[in-house]
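Novice: output the structure for:
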Amino acid sequence: MTTLDLGSKIVDLVGRESVGNVIDTYHFYAGSSSWEALESLDPKKLFIFHINGAEDLPKDQLNDSKRLYPGEGVLPIARMKETLDTIGYDGPASVEIFRPEYWERDPFVVAAEAKQAAEKALGLGQYAAGGSW
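Specialist: Residues are numbered from 1 along each chain as shown. Predicted coordinates for the structure are as follows:
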């Protein structure tokens with residue numbers, strides 16, 4: 001599916017509790033999903049939120065290898081978090097990065113850096129200022 005709008009329509013058509021959406025900051029941005037689709041999303045139908053950053057490139061030049069740690073690059077993470085808070089989403093957030101340079105490094109170091117970046121981008125841990133995350 002290329003947009004959240006389309007994914008939500010399919011989820012609604014299927015009409016099962018076990019079928020829902022996954023939102024990914026990268027795909028939301030690169031696929032030009034609408035903010036209206038996110039703002040009108042039923043939070044019970046959002047199963048997980050993938051968080052990542054992306055290089056500042058034209059959308060047609062983006063691919064999975066251009067993903068960065070959350071908060072790095074051009075993705076509108078703060079606005080997405082604010083919108084998800086507003087609709088009442090309190091489910092999991094998961095870092096999803098497919099950058100070959102990260103694969104070459106110690107996975108425990110990459111995981112720790114990704115966790116710290118996600119906490120900072122979402123305002124969690126030592127960066128917390130309140131909110132449902």
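Novice: so who does Val19 touch?
Specialist: Residues near Val19 by Cβ atoms under 8 Å, 6 or more residues apart in numbering: Val11. In short, each C-beta sits where N, CA and C put it, glycine included.
Novice: any idea how far it is from Ile10?
Specialist: 8 Å (Cβ to Cβ, to the nearest Å).
Novice: now do Ile77
Specialist: From Ile77 to Ile10 the distance is 25 Å (Cβ to Cβ).
Novice: between those two, which one's more packed in?
Specialist: More crowded of Ile77 and Ile10, by other Cβ atoms under 10 Å: Ile77, with 23 against 11.
Novice: the more buried one is in contact with Leu122, isn't it?
Specialist: Yes. Counting by Cβ atoms under 8 Å, Leu122 is a contact partner of Ile77 at 7.4 Å.
Novice: helices along the protein, start to end?
Specialist: Remark: helices assigned in the chain by DSSP state H are 4-14, 25-30, 35-39, 77-87, 100-103, 107-122.
Novice: quick one, which of those helices gets closest to Asp64.
Specialist: Evaluated over the helices of the chain, closeness to Asp64 peaks at helix 25-30, with 7.7 Å, by Cβ to Cβ.
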